[in-house]
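# below is the structure, and that's it, no one-letter string:
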């Protein structure tokens with residue numbers, strides 16, 4: 001099913017995100033992850049694109065093709081523009097067309113001090129990339145949103161103004177950054193709808209499976225930590241197995257609440273862990289679309 005069709009029948013979308021192997025690792029190392037995700041039947045799997053990555057690196061596009069052709073699942077690619085020129089984007093677009101990849105999450109990307117090149121000047125914002133991609137073919141283009149505002153934004157209201165520019169430029173589907181406070185997400189959603197942003201918005205959920213990884217992600221994206229979450233971290237931080245299971249349970253609890261309140265979709269940051277993805281999917285799939293066999 002094309003991404004543009006996923007939510008037209010009133011279903012709640014359930015999607016995954018994975019990341020490619022490190023540069024020095026063969027692409028085949030992703031097969032173990034995909035083998036474990038195949039039977040979970042997500043609506044699509046998105047594949048991240050490294051910050052400061054080179055247009056000559058086709059690993060993201062190659063994995064997206066493998067997801068479609070070898071595993072029979074829909075795929076999407078992340079595409080950043082901060083370190084890409086128009087010529088770079090044109091090259092990547094041709095790579096995607098050759099691989100029959102039609103779904104793109106268009107991002108500005110983060111500044112990377114270890115990038116192999118300096119930032120380019122062709123695209124200042126994700127909305128610029130979205131508008132450019134709309135001229136390059138029949139792609140389904142998604143954008144990112146930030147329930148607690150992008151860290152560089154002056155305020156949530158200012159960030160939502162920028163989000164509206166992405167939608168006006170052609171983004172027809174939004175995926176949210178991770179968050180741990182559902183009320184924060186719904187406050188953002190209300191503001192977004194009032195601003196005239198009426199495209200589907202999926203809620204991004206990342207299970208906390210280790211203290212170090214979650215602290216790193218919170219530092220990067222600025223997500224707030226509710227008291228319930230911090231109590232969990234404090235209680236189990238010295239017990240890795242218990243923390244993993246508590247983090248999975250917290251994510252399940254978030255998803256149940258989100259779905260019961262009518263969220264458009266759930267975008268699960270799998271961290272390439274089939275174990276985590278399966279535990280969560282088994283728990284929530286019957287609730288996401290009651291009566292629908294995934």
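Perfect, I can see it now. Keep in mind it's a predicted model, so treat the numbers as computed, not measured.

# distance between the ends of stretch 16-28?
19 Å (CA to CA, to the nearest Å).

# how about that stretch: buried residues?
16-20 (16 or more other CB atoms under 10 Å). No exception for glycine: its C-beta is placed from N, CA and C like everyone else's.

# also stretch 161-174?
Per 16+ other CB under 10 Å, stretch 161-174 contains these buried residues: 162-167, 169-171, 173-174.

# and the contacts of it?
Stretch 161-174 has contacts (CB atoms under 8 Å, 6 or more residues apart in numbering) with 3-4, 106, 125-128, 130-131, 133-134, 140-145, 150, 153, 192, 195-197, 199-202.

# from these, which would you call buried?
Of those, these count as buried by 16+ other CB under 10 Å: 3, 106, 126-128, 130-131, 133, 140-145, 150, 153, 192, 197, 199-202.

# among those residues, name the ones in helices.
In helices, judged by DSSP state H, the following of these are found: 126-128, 130-131, 133, 192.

# in TSV: the residues you listed, plus distance to residue 48 and pLDDT.
Formatted as TSV, those follow (distance: CB to CB, whole Å; pLDDT from 0 to 100):
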residue	distance to residue 48	pLDDT
126	15	97
127	20	98
128	20	98
130	18	98
131	22	98
133	17	98
192	24	98
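
# out of these, which one sits closest to residue 79?
Of all these, residue 79 sits closest to residue 133, with 7.8 Å by CB to CB.

# tell me who's in contact with the closest one.
Counting by CB under 8 Å, 6+ apart, residue 133 touches 79, 89, 93, 104, 106, 139, 141, 170.

# ok, the ones in helices among the buried ones among the contacts of stretch 161-174 vs residue 30, which is closest?
Proximity of those to residue 30 (CB to CB) peaks at residue 133, which lies at 24.9 Å.

# relative to residue 199, how far out is that closest one?
According to CB to CB, to the nearest Å, residue 133 and residue 199 sit 16 Å apart.

# which other residues reach the helix or strand encompassing residue 46?
Assigned by DSSP states H and E, residue 46 belongs to strand 45-47. Outside of strand 45-47, the residues within contact range by CB under 8 Å, 6+ apart are 15-20, 34, 37, 60, 63-64, 67, 73-78, 103, 105, 175, 267.

# alright, I will stop here.
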